[in-house]
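S.K.: Quick one: sequence plus predicted model below, questions after.
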Amino acid sequence: MSRLAAFFATGAAALLIGWPLISAVRAADYGQMGQTFPIIEADLLTTIETRLRTLEAGGGIERLQREMQEQAVASVRRPRRVDGMTPATTKRDWLFDPSIVTEDDMVDAKGNLIAARGTKVNPLDMVQLRQALVFIDGDNAAELQWALRTWSDTAAKIIFVSGSPFDAMKPWQRRFYFDQGGTLTTKFGIRHTPAVVSQAGSGLRISELPLPHEAPTPGGGKNS
């Protein structure tokens, strides 16, 4: 064998032998390099189950359920007041255009096209606002008295921005509503009560009306 052939044969053998040796060196145990700590992992489900059993034994679960139910009922009976609303001190009137530009094609129940995408549509051209919307502070005695005296059941929907519609229904024998989250007052730009929204042609007329102070009593009487 020539010296060159012998060199390549020796080199090839060295590479074949050297690879597992290198691997073995890399996999060798070098011992502990620093301080170690045991891995402690609490069983979360077991912990939760233990706490629930403790609560159940002491009547805690029933108490929590009762508190949650009471909070839910309270939030329904007296929703959170609409932020930023104050009594009107000056009369203010303006017109509101309820028109919208459709983002998609509008079709009826049978699939017939009502308005193509991008069309400006005025809902009042299709549906009339038959009842005025009267926004009041349900905790304000003067505003409540004024709304009840001025607007009959069929003429308007009385909408609270504060107070409890449910508590007012029984003594006044009338349905009341609430502007949840200030959705309507924000849309119409209403900041003061009482405020009235009514249809005026193809638009809506909005008025904020300052009132004298009166204290209502169930049945229509007044207190000084």
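M.R.: Looks like it came in fine.
S.K.: how close does residue 52 sit to residue 185?
M.R.: Note on residue 52: its distance to residue 185, by Cβ to Cβ, to the nearest Å, is 43 Å. C-betas here are computed from N, CA, C, even on glycine.
S.K.: Centre-most residue in the protein?
M.R.: Central residue of the chain (Cα atoms, centre = their mean): residue 181, 7.8 Å from the mean position.
S.K.: hang on, the earlier thing: tell me which of residue 52 and residue 185 has more neighbours.
M.R.: residue 185 (24 against 12; other Cβ atoms under 10 Å).
S.K.: Now do the same for the residue nearest to the centre of the chain: its pLDDT.
M.R.: For residue 181, the pLDDT comes out at 92.
S.K.: Equivalent analysis for the one 10 residues further on, please.
M.R.: Per-residue confidence (pLDDT) for residue 191: 97.
S.K.: can you pull out the helices in the protein?
M.R.: Assigned by DSSP state H, the chain shows helices spanning 3-26, 44-57, 60-77, 141-150, 165-172, 183-188.
S.K.: Mean pLDDT lowest where, among those helices?
M.R.: For these, the weakest mean pLDDT is recorded on helix 3-26, namely a mean of 43.
S.K.: thinking again about what came up before, who's in contact with the residue nearest to the centre of the chain?
M.R.: 80, 82 (Cβ atoms under 8 Å, 6 or more residues apart in numbering).
S.K.: Likewise for the one 4 residues further on?
M.R.: The neighbourhood of residue 185, defined by Cβ under 8 Å, 6+ apart, consists of 82, 85, 135, 161, 179, 191, 195.
S.K.: and residue 207, what does it touch?
M.R.: Contacts of residue 207 (Cβ under 8 Å, 6+ apart): 91, 92, 93, 195, 196.
S.K.: gap between the last one and residue 204?
M.R.: If I follow you right, that is residue 196. 10 Å.
S.K.: Need the max-distance pair from the contacts of residue 185.
M.R.: Longest distance between any two of these is 12.6 Å, between 179 and 191; criterion Cβ to Cβ.
S.K.: higher neighbour count, the two?
M.R.: residue 179 (22 against 15).
S.K.: pretty sure the more buried one contacts residue 82?
M.R.: Yes. Residue 179 lies in contact with residue 82 (Cβ atoms under 8 Å); the separation is 5.7 Å.
S.K.: count of residues packed around residue 171?
M.R.: Quick note: residue 171 (other Cβ under 10 Å) scores 11 neighbours.
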